[in-house]
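Participant: Need coordinates for the following:
(2 chains)
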Amino acid sequence: MELDTEEEMKRIKIKDHNELFQEQEYLEQFEKKKEFENPWPAEKVREVAEWTKTEEYQEKNFARKNITVKACQPLGAIFCASGFEGTMPFVQGAQGCVAYFRSHLNRHFKEPMAAISTSMTEDAAVFGGLNNMLEGLRNSYALYNPKMIAVCTTCMAEVIGDDLNAYIRQAKDKEIIPRDLPVPFAHTPSFVGSHITGYDNMMKGILTTITEGKKGEPNGKINIIPGFDTYTGNYREVKRLLGIMGVDFTLLSDASDVFDSPNTGEYKMYPGGTPLEEAADSVNATATIALQKYSTVKTMKYIEKEWGQEALVLPPMGVKNTDSFFDEVSRVTGKPVPQEIEDERGRAVDAMIDSHPYVHGKRFALAGDPDILLGLISFILEMGGIPAHIVCTNGDKRFAAAANALLSESPFGQEATVYTGKDLWHLRSLMFTDPVDILIGNSYAKLLWRDTGTPLVRIGFPIFDRHHLHRYPVIGYQGVLNMVNWIVNTVLDEMDRKTMDTTSFDVIR
Amino acid sequence: MEEKYGVPWTEFNFFGPTKIYQSIRKIASYFDDRIKENAEKLIEKYKPVMDAVIERYKPTLEDKKVMLYVGGLRPRHTIGAYEDLGMEVVAAGYEFGHDDDYKRTYPELKEGAVIMDDATLYEMEEFARRLRPDMVGSGIKEKYSYHKMGIPFRQMHSWDYSGPYHGFDGFPVFARDMDMTVNSPTWSLIRRKR
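Facilitator: Modelled structure (predicted):
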């Protein structure tokens, strides 16, 4: 540590790694360590780094096969399960998997996240995971007293072909857990799809189990399925808006209180979630509305077929999509859209008009999950922005078709290319060979900001390196306002930084 | 200067290529052949850029109507720039114009255009209602009233913190900004009383 003068020593200044490791003593240490690291010469590293910015490299980059850089099914499955009252997500499989699911959700929400792993290791791989499941069910029920245990799998359990249905039946036959304890299950192999697939599989499993034998009198409500939505702000927003409209609804998988509980000095393992009775009665609703398409495909198909309900998919991101959402909710429930909500719309449109000069004509690179990308594309086009590179690692052909259809409807969508099955390293090449003005993505995208200097607006999942963004909605008219805020103010931050020593460093923008 | 000392003077206008070329030639006309030649070279150098800007932005701005209310010069000086983009100035008003400003404004406008002197917000709102301009150019104290009326607006004092708008380098910025606002998709999101 650099020693300051006696005066300065009196006011103790403590430097953490952010400053400390930039001091001469440490910089020299890093240099000296290189002797043992046997690195490539700095000049060679620089040369290769420059080469990665070229068209030639881009070709090699895009020729890569076997992209597996995405989140896996069980992450979505346990997130879905957590949204139900008193529900313990239970993962048949390896420990490390659950460690990663929980820590991902801990870091994004800054909340506790309970989940069980049956800790399958080499012997379970040989003999099967039945004993792990039986012991796991007995222990979790005894220790944590859940109202429901929702079971899913990791790769290991899938590879050896554990039969969840059979195992759970055995557990009940052997009276390891009460017969009337709901134990829905879903097979969630990670070599298929991504976390949004896992959400879908688990939701279908939970609804199938919990509504069994519950078909009865229509309850006059509508069901809302949020999908794999990691904005607790979105849940609160949809509840608020439907409340204003006077609509009676059931939110199936309500993650808001579970992942955003008040600090009261007491740790609650199950702070909220969809009440199980309401979830059971969802089969008797008038209609079900999904707020995401690609994380509810199987579930909505099941609802339409087996429940005989109108199954609508109405992702409400951006002005026009939110308009459609309200039009349909109004139609299905017979309730008019109140002036209060119309006024919110007017304020959001006003904000877009006020700020359009800083978004109009700006080229965007977007990376994220399918539904959030479609919402962002819609909103950006509404503002006159130009989506250029759209990367959806876990997007399928249907998503690509939907995105291209949306883009073709607007003169501002003519420059875009949609990439499915590609990752952020592909996007890095694109941002060098065909630069954009703004990047929208999760926390990992910050590496692209660092490398290309393109300012990053953090929208999506996971957001680990900024706090509390998930508490604000991106859906509805408030969501529009928030997106205008984040995008415009990022542009202005960047503008200020660039003009700091010039005559364009204006106080008014 | 001209009356008392015989030094010739001219009011030049660097808004939009038509006025810029005219002004450069007018200024050069007071000087020798070398300068006149350089003037033509200058115009030749920038004409392709000006033409490219017009080719890019005129198609989406053609026939759009503009109402201006600025200070003491721009209500007439910017007319040429708008016309280069095919836009029509249907009203021009001055906050503090004098007799001679108005005299110099008449020839710039088409028959039937409105000229205003020291207009109030009431009058501006009424003219907007009757003339239905596609765009209003005025100041910060007017801007948001027009936004609420759903009429595209560009500040013609502060350039809405953009600019420059003068000269060869300013015309592309001017064209981009007028197009951005007149043709912003955000205006079409406005939903009047249901």
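
Participant: all contacts plus neighbour counts: C-alpha atoms, from now on.
Facilitator: OK.

Participant: excluding its backbone neighbours, what's nearest the residue nearest in space to the middle of chain B?
Facilitator: In chain B, the centroid-proximal residue (CA atoms, centre = their mean) is B:Thr78; its distance is 2.3 Å. Take B:Thr78 and drop its neighbours on the chain: the residue closest to it by CA to CA, 6 or more residues apart in numbering or on different chains is B:Phe15, 5.7 Å away.

Participant: quick check, that neighbour in a strand?
Facilitator: No. If the criterion is DSSP: H, G, I helix; E, B strand; the rest coil, then B:Phe15 is coil and not within a strand.

Participant: give me every residue that touches it.
Facilitator: Residues near B:Phe15 by CA atoms under 8 Å, 6 or more residues apart in numbering or on different chains: B:His77, B:Thr78, B:Gly80, B:Ala81, B:Tyr165, B:His166, B:Gly167, B:Phe171.

Participant: Reformat those residues as JSON lines; add secondary structure.
Facilitator: Formatted as JSON lines, the contacts of B:Phe15 follow (three-state DSSP):
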{"residue": "B:His77", "secondary structure": "helix"}
{"residue": "B:Thr78", "secondary structure": "coil"}
{"residue": "B:Gly80", "secondary structure": "helix"}
{"residue": "B:Ala81", "secondary structure": "helix"}
{"residue": "B:Tyr165", "secondary structure": "coil"}
{"residue": "B:His166", "secondary structure": "coil"}
{"residue": "B:Gly167", "secondary structure": "helix"}
{"residue": "B:Phe171", "secondary structure": "helix"}
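
Participant: Do I have it right that A:Asn284 meets A:Gly213?
Facilitator: No. Judged on CA atoms under 8 Å, A:Asn284 makes no contact with A:Gly213 at a distance of 11.3 Å.

Participant: Neighbour count for those two, which is higher?
Facilitator: Taking neighbours as other CA atoms under 10 Å in any protein chain shown, A:Asn284 and A:Gly213 compare with A:Asn284 leading, 21 against 10.

Participant: Number of residues surrounding the residue nearest to that one when sequence neighbours are not counted?
Facilitator: Closest residue to A:Asn284 apart from its sequence neighbours, by CA to CA, 6+ apart: A:Pro218 at 4.6 Å. When neighbours are defined as other CA under 10 Å, A:Pro218 has 12 of them.

Participant: before we move on, the earlier item: got a winner among the contacts of B:Phe15 for most neighbours?
Facilitator: B:Phe171 (25 neighbours).

Participant: What separation do you get for the residue nearest to B:Thr78 and B:Tyr46?
Facilitator: Between B:Phe15 and B:Tyr46 the distance is 14 Å, computed by CA to CA, to the nearest Å.

Participant: Roughly how far does A:Ser190 sit from A:Phe249?
Facilitator: For A:Ser190, the distance to A:Phe249 equals 33 Å [CA to CA].

Participant: pLDDT wise, what is residue 156 at?
Facilitator: Assuming you mean chain A. What the model reports as pLDDT for A:Met156 is 92.

Participant: I was after chain B.
Facilitator: For B:Met156, the model assigns a pLDDT of 98.

Participant: who's in contact with it?
Facilitator: B:Met156 neighbours (CA under 8 Å, 6+ apart): B:Val70, B:Arg74, B:Gly137, B:Ser138, B:Gly139.

Participant: could you redo the last one with a cut-off of 7 Å?
Facilitator: B:Met156 makes contacts with B:Val70, B:Gly137, B:Ser138, B:Gly139, as judged by CA atoms under 7 Å, 6 or more residues apart in numbering or on different chains.

Participant: Closest to A:Trp51 out of those?
Facilitator: A:Trp51 has its nearest neighbour among the contacts of B:Met156 in B:Gly137, at 48.5 Å by CA to CA.
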